[in-house]
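K.L.:
Sequence and predicted structure below; questions after.
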Amino acid sequence: MTDGPVIAITADSEAEAEPYADAVRRHGGVPRLVLPGGVPSLEEARELGGMLVSGGADIHPARYGEGPLPGEDAEYFPERDEVELPLLAAALVLDMPVLGICRGMQALNVAMGGGLVRDLPGHSASEVDGEEAAAYHHIYIAPGSKMAAIVGSGGFVRVNSLHHQGVIEAKKSPRLLASAYSVEDGVIEALESPDHDWVIGVQFHPERRTEVPPQFDRLFWGLVDRSRRRS
């Protein structure tokens with residue numbers, strides 16, 4: 001048995017959730033998977049310590065007031081949207097600690113009234129020998145932001161990139177602050193809520209530990225620590 005805080009992890013599947021669940025376990029949390037079709041009740045949500053919204057399929061554009069584009073090659077997973085976005089909205093109302101990663105950062109922006117850019121050249125993964133290979137670029141983390149405080153410093157750092165949708169300033173929720181940007185094109189790489197205790201989204205993938213600097217492990221530590229205090 002463990003007395004660590006329970007962290008809800010939303011994902012496309014159990015297999016895709018595992019790297020995030022492993023990161024939560026390493027820092028003393030107890031992962032609880034929330035997969036499509038498995039919406040917890042409000043009473044169950046109140047018992048959670050925190051929430052991690054993982055990467056995955058694209059959010060359906062209807063969720064931010066748009067429709068599919070002619071000839072668009074996108075993989076939507078509306079069943080996940082139906083589970084994840086209401087649970088995320090409940091977590092925000094309850095001021096639950098939230099960490100959004102890749103799609104998770106995008107979901108945070110959508111849940112708080114923002115939109116998405118549907119295709120961003122140069123940010124997508126490629127395939128090498130049948131395996132998904134990340135792209136890489138440099139980002140700038142704003143000194144003085146919550147993000148900088150969590151990872152230990154602001155400034156320039158190289159991260160991985162495995163997305164083709166994302167958030168730019170014109171699509172950002174007015175309720176969120178951008179705390180990191182891509183140096184190359186200004187795409188937002190981290191978001192945080194000034195109105196919540198600990199709500200952070202990052203566009204890169206810190207769970208892929210060999211692809212990012214080690215200080216980004218502090219994101220998972222911070223999520224579990226804040227969730228423990230709340231519990």
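P.N.:
Structure's in. What do you need?
K.L.:
For the rest of this, base every contact and every neighbour count on C-alpha atoms.
P.N.:
Fine.
K.L.:
Contact partners for Glu211?
P.N.:
Listed by C-alpha atoms under 8 Å, 6 or more residues apart in numbering, the contact partners of Glu211 are 159-160.
K.L.:
how near is it to Leu52?
P.N.:
20 Å (C-alpha to C-alpha, to the nearest Å).
K.L.:
Tell me how many other residues surround the closest residue in space to Gln215 that isn't next to it in sequence.
P.N.:
If you skip the residues right next to it in sequence, Gln215 has Val151 as its closest partner in space, 5.4 Å away by C-alpha to C-alpha, 6 or more residues apart in numbering. Neighbourhood size, Val151 [other C-alpha atoms under 10 Å]: 18.
K.L.:
Run through the residues that contact Val151.
P.N.:
Here Val151 is in contact with 215-219 (C-alpha under 8 Å, 6+ apart).
K.L.:
mind listing the helices in this structure by residue range?
P.N.:
Assigned by DSSP state H, the chain shows helices spanning 14-26, 42-46, 78-93, 103-111, 146-151, 218-230.
K.L.:
In the longest one, which residues are buried?
P.N.:
Along helix 78-93, these residues count as buried under the neighbour rule (16 or more other C-alpha atoms under 10 Å): 78, 80-81, 83-85, 87-88, 91-92.
K.L.:
gap between Glu16 and Arg208?
P.N.:
From Glu16 to Arg208 the distance is 12 Å (C-alpha to C-alpha).
K.L.:
Likewise for Asn109?
P.N.:
In this view, Asn109 and Arg208 are 23 Å apart by C-alpha to C-alpha.
K.L.:
Same check on Asp217?
P.N.:
For Asp217, the distance to Arg208 - C-alpha to C-alpha - is 10 Å.
K.L.:
So for these two, which residue has more residues nearby?
P.N.:
Applying other C-alpha under 10 Å to Asp217 and Arg208 shows that Asp217 carries more neighbours, namely 19 against 14.
K.L.:
Got the confidence number for the more buried one?
P.N.:
We note a pLDDT of 97 for Asp217 in this prediction.
K.L.:
Check Arg175 too.
P.N.:
Arg175 is given a pLDDT of 98.
K.L.:
What distance do you get for it to Tyr76?
P.N.:
Between Arg175 and Tyr76 the computed distance is 26 Å (C-alpha to C-alpha).
K.L.:
and if you look at Leu162?
P.N.:
16 Å.
K.L.:
of those two, who's got more company?
P.N.:
For Leu162 versus Tyr76, the count of surrounding residues by other C-alpha under 10 Å is larger for Leu162: 21 against 14.
K.L.:
close enough to count as contact, Leu108 and Gly100?
P.N.:
Yes: with contact defined as C-alpha atoms under 8 Å, Leu108 counts as touching Gly100 (6.7 Å).
K.L.:
hang on, Gly104 packs against Val199?
P.N.:
No: the criterion here is C-alpha under 8 Å, and Gly104 misses it with Val199 at 11.3 Å.
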